[in-house]
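Kindly generate the corresponding structure for this input.
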Amino acid sequence: MDRNEVQYKKMTEQPVSRLILSLAVPTIISMMVTGIYNTADTYFVSQLGTSASGAVGIVMSLMGLIQSSGFLIGMGAGSWMSRLLGQKKDREASEVAASGFYCSLVFGLLIAVVGTVFLHPIVKLLGATETIQPYAMDYARYILYAAPFLIGSLTLNKMLCAEGKARFAMIGIASGGVLNIILDPIFIFTFHLGIAGAAIATALSQVFGFLVLLYMFVSGRTIAKLGIRFAAKSPGLYVQIMKFGLPSFFRQGLASVAMIALNIQAAQYGDAAVSAMAIVGKVFMLIFSAVIGFGQGYQPVAGYNYGAKIYDRVKRAFLFMTCGATAFISVAAVAGYIAAPQIIRLFIDSDPEVIRIGTETMRLQCLALPLQPLTVCCNMTFQSLGKSAVATFLASARQGYVFLPLILLLPRVIGLPGVELAQPIADAVTFFICIPFAVSFFRELNKSGAQA
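Okay, the predicted model is just below:
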């Protein structure tokens, strides 16, 4: 039995819970390391003062917009690849992989050029105050230089996960993350580069992670190939990749737009409010990254088995993913609620107003945190199965047509508490939106299984 057949047998016959965990543990580790090094940036930069800490929150939204392009291409190519591999169409999977890879590099170059040229107006548009702007520009410049490597890394990572090679994906992302954590204090404090040092450390780590991930493909460790001969010549395949990746694009892109709106509203209450929102955002990104990692271990299982028409395994995978993630995040929510003041003080202990606002915001968001796994699982499921319209609708809910009206309306009515409440209310509303879609999905699988 050749290597490709062994992989197919593993994805369609190994017990679902064990299979998802074997794929999810490496992706959770890689996502957690990514979250940790993002949080480390905030921690080290916060030592430079409240305005510098606020700048990280401003540039985080820019990074989110860059990442959304990586998710657009990576998740689009990856979800399609897993279905093709489930149908044993290895050549077609290579065409999708190669096309997605080269497309990601082009996207990254365009973003780097345009972003660098218009850096000052972009930083102002993102919600930076006059005191935060200089820090934000120093940080954003190097992040933009590394955009091709960041988007390329995300694309390669998602395609490795789609093959069920989550361990390889983990090595690439985690190695870059560890390097970032090591370089941050060296560049910021030893070389006295300040906030620019944090950005340079992040950029170098992204280049390193990209090279490690690329090696996994060029060394022949994957089913899909990245040779230029596999890249599509017609635009049709690229359009399909974008179509399948739209849910991730909207999820990540709208999260960045929401962050911009949040920063703009928080800026009305001073740098302390912007800094508090940045710190809380980083903490929850770290917690949420574990759920996203769990979901990325689940997605190829759903895609493979849906492509192979083994619908009972798709149902079991959905339930395992939702229940497991909800249990984990509920424990994290309780711990976060209790330890909120101490967590905020870890980042900045010199500004009581930052601590007060951060503690209130964190506790409110912890109350709604257990509702998020169902939203994530529904969105990732429909994306994995190629149901782009439904997945895009659900991906747009939490940070789009639910959160944005709330963040624009509530502060006008109740002031700063409106900024703090917008996200937890949006999480609760999105949870109830997802319930009928989950019920309909199970009915469809039962019907397809009966006909098979």
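
so where's the stretch 51-200 of the chain shaky on pLDDT?
The stretch 51-200 of the chain contains no residues with pLDDT under 70.

which residues of it fall in helices?
Secondary structure of the stretch 51-200 of the chain (DSSP state H, counting those that start in this stretch): helices at 90-117, 119-125, 133-145, 147-162, 166-185, 194-218.

What count of nearby residues applies to Leu110?
14 (other CB atoms under 10 Å). In this view, the C-beta of every residue, glycine as well, is placed from N, C-alpha and C.

just the helices in the stretch 201-350 of the chain please.
Shown for the stretch 201-350 of the chain, the helices assigned by DSSP H, counting those that start in this stretch span residues 235-267, 271-307, 311-338, 340-347.

want to throw these into a markdown table with distance to Ile200 and mean pLDDT?
Output for the helices of the stretch 201-350 of the chain, formatted as a markdown table (distance: least, CB to CB, whole Å; pLDDT from 0 to 100):
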| stretch | distance to Ile200 | mean pLDDT |
| --- | --- | --- |
| helix 235-267 | 22 | 88 |
| helix 271-307 | 19 | 87 |
| helix 311-338 | 31 | 94 |
| helix 340-347 | 21 | 92 |
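
Buried deepest among the ones you listed, which one?
Highest mean neighbour count among these (mean count of other CB atoms under 10 Å): helix 271-307, with a mean of 25.

Could you tell me the angle between it and helix 340-347?
Helix 271-307 runs at 100 degrees relative to helix 340-347, counting by axes from the mean of the first three to the mean of the last three CA atoms, to 10 degrees.

and helix 271-307, how far from the chain's centre?
6 Å (CA atoms, centre = their mean, to the nearest Å).

Next one: Pro417 from Cys366, what distance?
16 Å (CB to CB, to the nearest Å).

Neighbour count for these two, which is higher?
Cys366 (23 against 14).

For that one, give its distance to Tyr298.
24 Å.

same question, Ile292
Separation of Ile292 from Tyr298 (CB to CB): 10 Å.

How about Ser51?
41 Å.

show me what contacts the nearest residue to Pro247 once chain neighbours are set aside?
Of all residues not flanking Pro247 in the chain, Ala391 sits nearest, at 3.6 Å (CB to CB, 6 or more residues apart in numbering). Shown in contact with Ala391 (CB atoms under 8 Å, 6 or more residues apart in numbering): 246-247, 379-383.

Quick check: of those, which lies closest to Ile173?
In terms of CB to CB, no member of these lies closer to Ile173 than Met380, at 18.0 Å.

residues near Gly227, how many?
For Gly227, using other CB under 10 Å, the count is 11.

Give me the spatial nearest neighbour of it, chain neighbours excluded.
In this structure, Gly227 finds its nearest non-sequential neighbour in Ala98, 6.3 Å apart by CB to CB, 6+ apart.

Verify the stated contact: the one you found with Lys233.
No - using CB atoms under 8 Å, Ala98 is not in contact with Lys233; the gap is 11.4 Å.

out of the two, which sits in the more crowded spot?
Set Ala98 next to Lys233 and count neighbours by other CB under 10 Å: Ala98 wins out with 23 against 7.

From Leu109, how far out is that one?
The gap separating Ala98 from Leu109 is 17 Å, by CB to CB.

And for Lys233?
Taking CB to CB, one finds Lys233 at 20 Å from Leu109.

go on, Leu214?
Look at Leu214 and Leu109: by CB to CB, they are 16 Å apart.

My guess is Ala261 contacts Leu406. True?
No - Ala261 is beyond contact range of Leu406, at 9.7 Å (criterion: CB under 8 Å).

just checking, Val354 touches Ser275?
Yes - using CB under 8 Å, Val354 makes contact with Ser275 at a distance of 5.1 Å.

Quickly list what's touching both of those two.
By CB under 8 Å, 6+ apart, the residues touching both Val354 and Ser275 are 50, 53, 348.

what about the second one, how many residues close to it?
As a burial measure, Ser53 scores 29 neighbours (other CB under 10 Å).

Now, the contacts of Ala391 that are in helices?
246-247, 379-383 (DSSP state H).

which of these are buried?
Neighbour-count burial (16 or more other CB atoms under 10 Å) is assigned, among the ones in helices among the contacts of Ala391, to 246-247, 379-383.

between those, which is closest to Phe318?
Among these, Thr381 lies closest to Phe318 (CB to CB), at 5.9 Å.

Just give the number of residues close to the closest residue to Gly197 other than its chain neighbours.
Closest residue to Gly197 apart from its sequence neighbours, by CB to CB, 6+ apart: Phe187 at 3.1 Å. Per other CB under 10 Å, the neighbour tally for Phe187 reads 22.

now do Ser69
Ser69 is flanked by 24 other residues according to other CB under 10 Å.

Would you mind measuring from Phe244 to Phe187?
For Phe244, the distance to Phe187 - CB to CB - is 38 Å.

Fine by me, thanks again.
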